[in-house]
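S.K.: When you get a sec, could you give me coordinates for this:
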Amino acid sequence: MNQIITVDGPAGSGKSAVSRLLAKRLDLLYLDTGAMYRAVALQAHRMGIDPDDGKALWEMCKNLDLDFVSDGDSPGIHINGEDVSLAIRRPEMDMLSSGISAVREVREAMTELQRNIGKTGGLVAEGRDMGTVVFPDADYKFFITATPEVRAERRYLERTGRGESISRDEVEIDLRKRDEQDKTRSIAPLRPAEDAVVIDTTTLGIGQVIEEILLKMGKTSIQK
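M.R.: As a prediction, the model looks like this:
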């Protein structure tokens, strides 16, 4: 199967878990583009690069060695050989990566890299502009969403599960800020592609979402 499947959506919608499991189910590459932008944000922070300095960010991106590493159900990402899978998930990376991803030079560099990865097809690309910008001719497009309250609860459980000390209200405030930033940015704003199938996961489990996607793809005969 050399088709390209895009899965876009806001934070806490469940798109990461859905994309990862869908790729495993269909034996496809899982492309976590959100992790790519987080890695860029982390490296820029480490190098002290001003988030508004597009030229410096462009040069950094062009020399950045990003590598996805498959480790069972928990794929990781390396920067120049260093495993930064945990570092990019720190809370401060949420807003920083959103801001960095709105920089034209960063967007262009990452879009070029993502398209190169997808040249041979056979992948599930997860992000916020996969179906609208990066792979507009994808074979299947999905947009995963849920109510802000449910998404905040999911993100709260995820963060406290990592040992973070944070309140449920703080998580929802951060999530709504991220939503607003992603939706209103001038470059590749968060929105469903016109031909995307929108799936509301508010009352659905991951397995149910996977089955709905497979049904839309006509893949109901695929074994679990």
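S.K.: going forward, measure contacts between C-alpha atoms and count neighbours the same way
M.R.: Will do.
S.K.: List the buried residues for the top helix by length along the chain?
M.R.: Of all segments of type helix in the chain, defined using DSSP state H, the longest is helix 168-184. Using 16 or more other CA atoms under 10 Å as the test for burial, helix 168-184 gives 168, 171, 172, 175, 176, 178, 179, 181, 182.
S.K.: Please apply the same query to stretch 81-93.
M.R.: Residues of stretch 81-93 classed as buried by neighbour count (16+ other CA under 10 Å): 84, 85, 88, 89, 93.
S.K.: Surely the third one and residue 39 touch.
M.R.: The one in question is residue 88. Yes. Counting by CA atoms under 8 Å, residue 88 touches residue 39, with 6.0 Å between them.
S.K.: moving C-terminal of the helix or strand of the chain with the lowest mean pLDDT, what's the next helix or strand?
M.R.: Between all helices and strands in the chain, the lowest mean by mean pLDDT, DSSP states H and E belongs to strand 66-69, at a mean of 83. The element immediately downstream of strand 66-69 (helix or strand, assigned by DSSP states H and E) is strand 76-79.
S.K.: neighbouring strands for that following strand, and are they parallel or not?
M.R.: Strand 76-79 pairs in its sheet with strand 66-69 (antiparallel), strand 82-83 (antiparallel), by DSSP bridges.
S.K.: May I see those arranged in TSV, with distance to residue 140 as well?
M.R.: Listed next are the strands paired with strand 76-79 as TSV, based on distance: least, CA to CA, whole Å:
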stretch	distance to residue 140
strand 66-69	23
strand 82-83	31
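S.K.: OK, contacts around the closest residue to residue 111 other than its chain neighbours?
M.R.: Nearest-residue entry for residue 111: residue 134, 5.9 Å, with adjacent residues in sequence omitted and distances by CA to CA, 6 or more residues apart in numbering. Contact analysis of residue 134 by CA atoms under 8 Å, 6 or more residues apart in numbering lists 111, 114, 115.
S.K.: Of those residues, which qualify as buried by neighbour count?
M.R.: Buried members of the contacts of residue 134, counted by 16+ other CA under 10 Å: 111, 114.
S.K.: pLDDT below threshold where in the chain?
M.R.: Applying pLDDT under 70 to the chain picks out residues 1, 70-74, 220-224.
S.K.: same thing but at 50, please
M.R.: Along the chain, the parts satisfying pLDDT under 50 run over 221-224.
S.K.: where do the strands sit along it?
M.R.: Taking DSSP state E as the criterion, the chain carries its strands at 4-8, 29-32, 66-69, 76-79, 82-83, 123-127, 140-145, 197-200.
S.K.: Packed most tightly, which of the ones you listed would that be?
M.R.: Of all the strands of the chain, strand 123-127 has the most neighbours on average by mean count of other CA atoms under 10 Å, namely a mean of 28.
S.K.: would you put the C-alpha positions of that one in PDB?
M.R.: What follows is strand 123-127, C-alpha atoms only, in PDB (Å, rounded to 0.1, in the frame of the first residue of the first chain):
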ATOM      1  CA  LEU A 123       2.500   6.700   5.100                       C
ATOM      2  CA  VAL A 124       0.100   8.200   7.600                       C
ATOM      3  CA  ALA A 125       1.000  11.900   8.000                       C
ATOM      4  CA  GLU A 126      -0.300  13.500  11.200                       C
ATOM      5  CA  GLY A 127      -0.300  17.200  11.900                       C
END
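S.K.: Sheet-wise, list the partners of that strand with their directions.
M.R.: Applying DSSP bridges to the sheet, strand 123-127 is found paired with strand 4-8 (parallel), strand 29-32 (parallel).
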